[in-house]
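# got a structure for you, letters missing:
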């Protein structure tokens with residue numbers, strides 16, 4: 001079978017998988033727990049995931065970083081099983097275990113051979129629901145996180161990302177650093193972490209996803225046994241996540257030790273349930289997705305102003321973030337914000353070319369389909385969008401992608417940028433270059 005045949009076969013399988021996924025319902029138990037079960041016997045593996053709608057936006061002041069710290073502690077043992085036993089059970093059966101914290105969610109997973117799914121489910125669920133938070137491990141992880149913060153503070157691109165969010169979001173907690181700060185992590189107490197777990201790790205704030213070589217009815221029964229009797233929690237008031245348009249946009253400068261300059265520039269976009277959500281993904285890909293994109297062709301190939309440049313739309317339950325990111329010689333960075341703004345104005349009035357839109361859609365379709373090739377990928381998509389209250393995105397994404405038009409992209413730029421300067425941050429070498 002040649003490479004083209006292999007690619008077409010893979011795409012066909014992904015399309016088949018996509019159609020199957022679209023029919024999978026999200027079910028809700030009486031206590032509010034949402035579940036997604038994907039039964040597929042193509043490979044003898046399973047991905048077990050638990051998503052919690054809790055992250056950086058659910059913190060303020062002294063609690064900054066507590067969700068990420070909590071994530072570090074989940075697999076450090078329960079009242080019945082130690083951290084070493086958790087690792088041994090997973091690794092001795094050829095599985096993998098991990099977790100991640102974002103601005104709005106924290107999720108935990110075990111990927112495992114399917115004949116051990118029930119044992120893995122017990123380990124995962126008990127770790128998430130009944131962590132012991134051992135004091136000795138708490139202090140060890142405090143040191144680990146402080147070291148992570150130190151390494152992060154040494155990275156100019158971390159400054160760029162943090163500065164971009166702080167510039168873009170002035171009134172909503174999307175501006176907060178998920179990892180916390182040296183001060184908040186140093187002052188963090190175990191009691192504060194226990195409180196965070198008690199408030200947010202409740203069934204009506206969680207999603208359980210099981211995807212792979214399992215029998216759906218058996219998994220449903222197991223989930224009800226473990227989660228069904230848990231009481232519904234009283235969640236704290238949800239934070240405001242809708243950012244108003246900035247009145248005084250500016251591009252802030254950060255000086256630090258660096259050999260080159262970095263720029264992050266953008267504007268606040270729509271929320272996850274907005275009808276234009278997918279169109280914004282298309283806008284970002286058409287504008288800055290790959291070497292054939294408009295940004296790359298103009299600023300890298302034609303003007304030689306940058307070494308790299310791209311655009312992304314970051315989806316949130318609240319106001320999303322549309323960002324353009326560039327890396328360039330220090331002496332060329334100051335002219336970029338205006339040049340990029342004029343490029344957006346040109347596209348606003350003259351539009352993209354038909355072939356630009358077609359290329360972007362092809363890129364996005366392939367990326368979306370290939371992300372569903374693994375059970376882990378399928379579970380992650382359903383977990384993320386369901387946790388944020390928009391599971392329909394998984395079912396409707398490709399349909400909405402196909403419907404995006406050239407006219408719609410131009411109108412979006414008019415709606416979100418007309419008469420407004422872009423906001424953001426540039427990171428410059430501290431030795432005075434770039435003046």
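Looks like it arrived, so ask away. Note that the structure is predicted; figures quoted are calculated from it, not measured.
# residue contacts, the nearest residue to residue 300 once chain neighbours are set aside?
Leaving aside its sequence neighbours, residue 300 sits nearest to residue 306 (Cβ to Cβ, 6 or more residues apart in numbering; 5.4 Å). Yep, even glycine has a C-beta here, placed from its N, CA and C like the rest. Contact analysis of residue 306 by Cβ atoms under 8 Å, 6 or more residues apart in numbering lists 299-300, 326-328, 332, 336.
# What of residue 328?
With the criterion set at Cβ under 8 Å, 6+ apart, residue 328 makes contact with 260-263, 305-307, 309, 336.
# Tell me the one among those residues nearest to residue 181.
residue 262 (21.3 Å; Cβ to Cβ).
# Tell me what the closest one is bridged to.
residue 327, residue 427 (DSSP bridges).
# Could I get the full set of helices for the stretch 201-350 of the chain?
216-227, 277-288, 294-295, 336-350 (DSSP state H, counting those that start in this stretch).
# Need the mean per-residue confidence for stretch 34-46.
Per-residue pLDDT values across stretch 34-46 average out to 97.
# How far off centre is it?
22 Å (Cα atoms, centre = their mean, to the nearest Å).
# Looking at the contacts of residue 306, spot the one nearest residue 409.
Closest to residue 409, out of all of the contacts of residue 306 and judged by Cβ to Cβ, is residue 299, at 19.1 Å.
# Report the contact partners of the closest one.
305-306, 309, 326, 336, 339-340.
# what do you get for residue 357?
So residue 357 contacts 282, 286, 404-406, 409 (Cβ under 8 Å, 6+ apart).
# how about a cut-off of 6 Å?
Listed by Cβ atoms under 6 Å, 6 or more residues apart in numbering, the contact set of residue 357 reads 286, 406.
# same check, this time on residue 65
Residue 65 neighbours (Cβ under 6 Å, 6+ apart): 179-180, 184-185.
# mind running it again at 8 Å?
59, 145, 177-181, 184-185, 188.
# do the same with residue 90
96-97, 110, 112, 120, 123 are the contacts of residue 90 under Cβ under 8 Å, 6+ apart.
# please redo it, this time with the cut-off set to 10 Å
75, 96-98, 110-112, 116, 119-120, 123-124 (Cβ atoms under 10 Å, 6 or more residues apart in numbering).
# just to revisit the earlier point, make a markdown table out of the helices of the stretch 201-350 of the chain and add mean pLDDT.
Listed next are the helices of the stretch 201-350 of the chain as a markdown table, based on pLDDT from 0 to 100:
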| stretch | mean pLDDT |
| --- | --- |
| helix 216-227 | 98 |
| helix 277-288 | 97 |
| helix 294-295 | 97 |
| helix 336-350 | 93 |
